[in-house]
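Peer 1: Quick one, structure for this:
(chains A and B)
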Amino acid sequence: MVFEGVTFIEQAIRPMKRQDFIKAHKDAFWLDREPKEREKMLSDVYDQITGTNEKQPKPKEGEGGE
Amino acid sequence: MRNIRSCIGNAFATGQSACQIDFGKIKAIILVNHGKTLGSSLTKGAFETMCHADLPNRIYPIKTIVEYAKNGGEPQVSAVGYGGNGVTGVNAQTDTFTIDKYSEHLAASITKNMNKKFDAYYLDENNLLIGVNNGTDVLGGIPMNTVYCTPTPHPTSSAKATMTVSCCLEDARAAIEDFDYVQLDFNPLEELNGLVPVDLVETASGKYKVIETIGGYDRTAEFGAAIATGASTVLNGASAATYADGLLTLTVTSGATPSLKAPSILLTADIAGIEWNKTVKLPSA
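Peer 2: As a prediction, the model looks like this:
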């Protein structure tokens, strides 16, 4: 999928854990934006690729993300 | 009943085609792997697809030819005692073609493959594709024992740098006897482009350029946007890509080295004429 000018390769991203995905990409793209904003954008990308979204119940505290 | 034989020499005819062909000057050679053919679907676009096909079905065009010289392929005669001359066969034939411009890429590639057997088609200026009748409905290439080049890489006082490509026929007599051709209804010359090996070179962490393997010419501006847009189709080992300011930014999946996929896949993303050779990464800190 293409998001804000960056092409994300879905089949490569699906096996990744959310935090690994964000860590791997946050210093590569959109460097003109604040790190927090980049993380949020990457998190959105991850949700769209893996099919998770805000409507799904959030994991309870302590369980962590994917 | 005993086995009988028929005289194969009696199929003799001296008639000519009702529509005589004026053979034009050769403009291109198309090499295929020995035993392979161009197939029967010779339509517009098919040649570009075949130039990018996966091995062993890829074709290798060489153009533009500006001169042709035939050496050999002549009947040989000799006499026994005081008898008259009799034919003994046809001597070995080499077709030598002068290319319009010296190419270091072409010279290197042909020289590396001098011992490989190819079949060759010749394309003339009238879009006539020349080969041999191989007993099927599909035009066959002329079998070559070897294809070699003779480069003159530097200009002389009277001529610019040039090169010739010589095709040594496997059987000159068979090439005459089985001579055949197909008239194309379009000019395929524009889509007959061989592939150039390129490297993905990391210039800064995560920043890559597409560089020709020989000579290091930078092709990133030409292909960068298409590679980034088609990343999910054309890249191996990457999880995201973008292109800006002459640089491809790639994030690499854990432990992987990014690379471009096969030319046949690149072509589907409008990336034509290149084949990935290697990836050069920055040394690990």
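
Peer 1: residue boundaries of the strands in the stretch 51-200 of chain B?
Peer 2: Under the criterion DSSP state E, counting those that start in this stretch, the stretch 51-200 of chain B carries strands at the ranges B:59-63, B:65-72, B:75-79, B:85-90, B:93-99, B:118-124, B:128-133, B:139-140, B:142-152, B:162-169, B:179-183, B:196-204.

Peer 1: gap between the second one and the chain center?
Peer 2: Between the mean C-alpha point of strand B:65-72 and the mean C-alpha point of its chain there is a distance of 17 Å (CA atoms, centre = their mean, to the nearest Å).

Peer 1: Which other helices and strands does that strand contact?
Peer 2: Packed against strand B:65-72 by the contact rule (3 or more CB pairs under 8 Å, 6 or more residues apart in numbering or on different chains; DSSP states H and E) you find strand B:26-33, strand B:93-99. All C-beta atoms are positioned from the backbone trio N, CA, C, and that covers glycine.

Peer 1: Just name the most buried of those strands.
Peer 2: Ranked by mean neighbour count, these are led by strand B:26-33 with a mean of 22 (mean count of other CB atoms under 10 Å in any protein chain shown).

Peer 1: now it: mean pLDDT?
Peer 2: Averaged across strand B:26-33, pLDDT comes to 98.

Peer 1: Can you tell me what sits against that strand?
Peer 2: B:38, B:47, B:55-65, B:68, B:97, B:118-125, B:129, B:141, B:144, B:147, B:165, B:167, B:189, B:192 (CB atoms under 8 Å, 6 or more residues apart in numbering or on different chains).

Peer 1: Is it possible to get the strands of the stretch 51-200 of chain B out as JSON lines so that each row also shows mean pLDDT?
Peer 2: As requested, those are exported to JSON lines (pLDDT from 0 to 100):
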{"stretch": "strand B:59-63", "mean pLDDT": "97"}
{"stretch": "strand B:65-72", "mean pLDDT": "97"}
{"stretch": "strand B:75-79", "mean pLDDT": "96"}
{"stretch": "strand B:85-90", "mean pLDDT": "95"}
{"stretch": "strand B:93-99", "mean pLDDT": "98"}
{"stretch": "strand B:118-124", "mean pLDDT": "97"}
{"stretch": "strand B:128-133", "mean pLDDT": "97"}
{"stretch": "strand B:139-140", "mean pLDDT": "97"}
{"stretch": "strand B:142-152", "mean pLDDT": "97"}
{"stretch": "strand B:162-169", "mean pLDDT": "97"}
{"stretch": "strand B:179-183", "mean pLDDT": "96"}
{"stretch": "strand B:196-204", "mean pLDDT": "96"}
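
Peer 1: Now stretch B:214-231: average pLDDT?
Peer 2: 96.

Peer 1: and the end-to-end length of that stretch?
Peer 2: End-to-end distance for stretch B:214-231: 25 Å, by CA to CA, to the nearest Å.

Peer 1: buried set for it?
Peer 2: Residues of stretch B:214-231 classed as buried: B:214, B:219-220, B:223-224, B:226-231 (neighbour count, 16 or more other CB atoms under 10 Å in any protein chain shown).

Peer 1: With stretch B:250-267 instead?
Peer 2: Buried residues in stretch B:250-267 (16+ other CB under 10 Å): B:250-253, B:258-267.

Peer 1: returning to that earlier point: pipe the helices and strands packed on strand B:65-72 into JSON lines and attach distance to residue A:47 per row.
Peer 2: Listed next are the helices and strands packed on strand B:65-72 as JSON lines, based on distance: least, CB to CB, whole Å:
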{"stretch": "strand B:26-33", "distance to residue A:47": "48"}
{"stretch": "strand B:93-99", "distance to residue A:47": "56"}
